[in-house]
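Chemist: show me how the following folds:
(chains A and B)
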Amino acid sequence: MKSYYVKRFFSMLVTLWVIITITFFLMHFTPGSPFNDERTTNEAIQKNLEEQYHLDKPLIVQYGMYLKQIATFDFGISIKKSSQTVNEMIGRGFPVSFELGMVALIVAVISGITLGVVASLKHNGVIDYLAMTIAVIGISIPNFVLATMLIQQFAVHWKILPTATWSSWRHMILPTIALATSPTAIIARLTRTSMLEVLTQDYIKTAKAKGLSSFKIIVKHALRNALLPVVTLLGALAASILTGTFVIEKIFAIPGMGKYFVDSINNRDYPVIMGTTIFYSTILIFMLFLVDLAYGILDPRIKLQKKEG
Amino acid sequence: MGLRQETFYEKKEKIALDEWFVPIEKKQGEAEAVVRPSLSYWQEAWRNLWKNKLAMIALFFLTLLIIMSIIGPIISPHSISEQKLINQNQPPSSEYWFGTDSLGRDVFARTWYGARISLFVGVTAAVIDFLIGVAYGGLSGYKGGKVDHIMMRIVEVLYGLPYLLIVILMSVVMGPGLASIIIALSITGWVGMARIVRGQVLQIKNYEFILASKTFGAKSYRIIRKNLLPNTMGPIIVQMTLTVPSAIFAEAFLSFLGLGIQAPLTSWGVMADEGLSAILTGHWWRLFFPTLFISLTMFAFNVLGDGLQDALDPKLRGGK
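Modeler: As a prediction, this is how the structure comes out:
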């Protein structure tokens, strides 16, 4: 068992290295350079700038230097905003993004599981169709459209919630709804499918035969097993919320990491693109790893299979 | 109690009763005959899907959408890039059925043209995922052992790549456009399909009918093509149905970041992005129509995928 997680840890590192490499080379093959903007700079200045950021050296050398640099967790200095290091940007933006993401994740998990369970208990009934319709609508509307419509209705039309920014809890409501809707729908659908499968199992019949209350059957026997696939999904869900934050932060003018990321792409700000991509990837890969760990702990059958295999 | 007493009482007349139970005359052959016509896997799946009204409506809608994406731009009196600045932001009317946008272009024609591009992106991404994923996953699962181990390590690394980050990076590098979106979506997209196919193949390859096939001397290629793949088709089809909308969505997301389809082409994502500002000025139709069709298409594909999952999964079939 331990050797499995050690292996898993190393494959995590390999994935990270692949990401760093891909991002690095893709970045440098991108047409356009960070110093190519409207303001024409003197050729000598251009040369000096390139020298300062080591852009004049061969790509392989730059790559080696970059690897050495990030081994010490130093992501360099932004090219566009030269007064800031990428670490500072992440340090400032990440707590905000993290807060937004976590709140949305919690909201999504609670409401998604509730919807899914209710739907599965009334399989093919009116409530099932209703819950799944809500769920599918949640998946169907692009989050940037949903966010805009929410602002239009709640902030502009009814004027009951603030339009943008991130300061009090009232500011958090609209972005959270916009961000949590699609993960809620994903969780609800998966919970439903998985509950339907579990409910046909023999141990549920046994529990019924023993005369347990249906509440106990659902919560203790069915849901506990049905949630395993949902746990595996948490990794993908984190990814969906993460990319969701790019859009939501841009629309609601929230000073999180997503805004830096999107801006850096448009500005070709290499160090920032690299830094944020690697940071995001690390979080995601780490989440997948945690999910794997959790899965092994939650489902004893997995352990057994791994040992045999 | 009363019932038991009665039977006990009747025991005395058992001899007489026995005469009542004369075995009926055996009719050879008839007993073995199957009364109901036997249904193949696909027939039964289709019958189950047919019963699912919502899924059939979705299927109908998608058929209609495909037809409209072909003939829509043709039947519209205006072309997609015809700009009449005098007719800016016209509400829907008999002249412009879905109104016009800020450049005086016909939203009706653009909506159906956008359908063409969006569906093309979605379907192409799904087909590429299918081709690579099935070949890779099938081989990995069938070969097993070391080959499987190495192939799956590669998949594991690719699976860890954050999908949309790579898509964004690829779009930035290759420049925005139709081809780069499809390539970007396919680079990481096939991994999910490969995992599903491999899992299925691993499970099925130990079944007796595969062994029987092998005993008859079937080659690997034949076993994969004739025995393994048809039996993994269910989950594969469901996965494909769900890939199409997620690709359409990813395209919309890229459009929002300004990395989507470029003019004069258009897609629903581009139209929705352009329409965002219109909602505040009251030109609702510019956002409404593209969003409506993105949502309906997503809805239809998801419902159809759910329906197919229920219909194709033997464990859920024949349920309530």
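Chemist: host element of the residue of the stretch 1-150 of chain B found nearest chain A?
Modeler: At 6.9 Å from chain A, residue B:54 is the closest residue in the stretch 1-150 of chain B, using C-beta to the nearest C-beta. (Each C-beta comes from the backbone N, C-alpha and C, glycine too.) If you go by DSSP states H and E, residue B:54 is part of helix B:53-75.
Chemist: the helix or strand just after that helix packs against which elements?
Modeler: Downstream of helix B:53-75, the first helix or strand assigned by DSSP H and E is helix B:107-143. Counting contacts by 3 or more C-beta pairs under 8 Å, 6 or more residues apart in numbering or on different chains; DSSP states H and E, helix B:107-143 is packed against helix B:53-75, helix B:145-160, helix B:178-204, helix B:229-256, helix B:268-275, helix B:284-312.
Chemist: low-confidence ranges in the chain?
Modeler: If you meant another chain, say so; for now it's chain A. Within chain A, the segments meeting pLDDT under 70 span A:1-2, A:30-41, A:52-55, A:82, A:299-309.
Chemist: nope, chain B
Modeler: For chain B, the stretches flagged by pLDDT under 70 are B:1-19, B:26-37, B:160, B:162-163, B:314-320.
Chemist: from residue B:235, how far out is the residue nearest the centre of it?
Modeler: Residue closest to the mean C-alpha point of chain B, counted by C-alpha atoms, centre = their mean, is residue B:241 at 1.0 Å. Using C-beta to C-beta, to the nearest Å, we find residue B:241 at a distance of 11 Å from residue B:235.
Chemist: ditto for residue A:145
Modeler: 31 Å.
Chemist: and what of residue B:268?
Modeler: Counting by C-beta to C-beta, the gap between residue B:268 and residue B:235 amounts to 28 Å.
Chemist: who's more crowded, residue A:145 and residue B:235?
Modeler: residue A:145 (25 against 17; other C-beta atoms under 10 Å in any protein chain shown).
Chemist: run through the residues that contact the more buried one.
Modeler: Residue A:145 sits next to B:272, B:276, B:287, B:291, B:294 when contact means C-beta atoms under 8 Å, 6 or more residues apart in numbering or on different chains.
Chemist: most neighbours of all these, which one?
Modeler: residue B:272 (29 neighbours).
Chemist: which residues touch that residue?
Modeler: Applying C-beta under 8 Å, 6+ apart, the residues near residue B:272 are A:142, A:144-145, B:252, B:255-256, B:287, B:290-291, B:294.
Chemist: tell me, how many residues neighbour the residue of the stretch 1-150 of chain B closest to chain A?
Modeler: For residue B:54, the neighbour count with other C-beta under 10 Å is 18.
Chemist: hang on, it packs against residue B:305?
Modeler: No - contact criterion C-beta atoms under 8 Å: residue B:54 and residue B:305 do not qualify, at 11.6 Å.
Chemist: interface residues of the stretch 51-200 of chain B facing chain A?
Modeler: Residues of the stretch 51-200 of chain B lying close to chain A by C-beta under 8 Å from any C-beta of the partner chain are B:54, B:153, B:156-157, B:159-166, B:168-170, B:172-173, B:175.
Chemist: 10 Å - rerun?
Modeler: When proximity is defined as C-beta under 10 Å from any C-beta of the partner chain, the stretch 51-200 of chain B approaches chain A at B:51-54, B:58, B:152-154, B:156-175, B:187, B:192.
Chemist: which residues do residue B:241 and residue B:235 both contact?
Modeler: Listed as contacting both residue B:241 and residue B:235 by C-beta atoms under 10 Å, 6 or more residues apart in numbering or on different chains are B:308-309.
Chemist: mind listing what residue 236 touches?
Modeler: No chain was given, so I picked chain A. A:183, A:186, A:284, A:287-288, A:291, B:159, B:163, B:192.
Chemist: think we crossed wires, I meant chain B
Modeler: By C-beta under 10 Å, 6+ apart, the contact set of residue B:236 is B:129-130, B:133-134, B:137, B:193, B:196-197, B:200, B:229, B:312.
Chemist: and for residue A:220?
Modeler: Contacts of residue A:220 by C-beta under 10 Å, 6+ apart are A:207, A:212-213.
Chemist: I'd say residue A:139 and residue B:294 touch.
Modeler: No - here residue A:139 does not reach residue B:294: they are 11.0 Å apart, not a contact under C-beta atoms under 10 Å.
Chemist: got any residues that touch both of the two?
Modeler: The contact lists of residue A:139 and residue B:294 share B:245, B:249, where a contact means C-beta under 10 Å, 6+ apart.
Chemist: which helix or strand contains residue A:191?
Modeler: Taking DSSP H and E as the criterion, residue A:191 maps to helix A:169-199.
Chemist: any idea of the angle that helix forms with helix B:284-312?
Modeler: 20 degrees (axes from the mean of the first three to the mean of the last three C-alpha atoms, to 10 degrees).
Chemist: which other helices and strands contact helix A:169-199?
Modeler: Where contact means 3 or more C-beta pairs under 10 Å, 6 or more residues apart in numbering or on different chains; DSSP states H and E, helix A:169-199 is packed against helix A:86-121, helix A:126-140, helix A:143-150, helix A:224-251, helix B:284-312.
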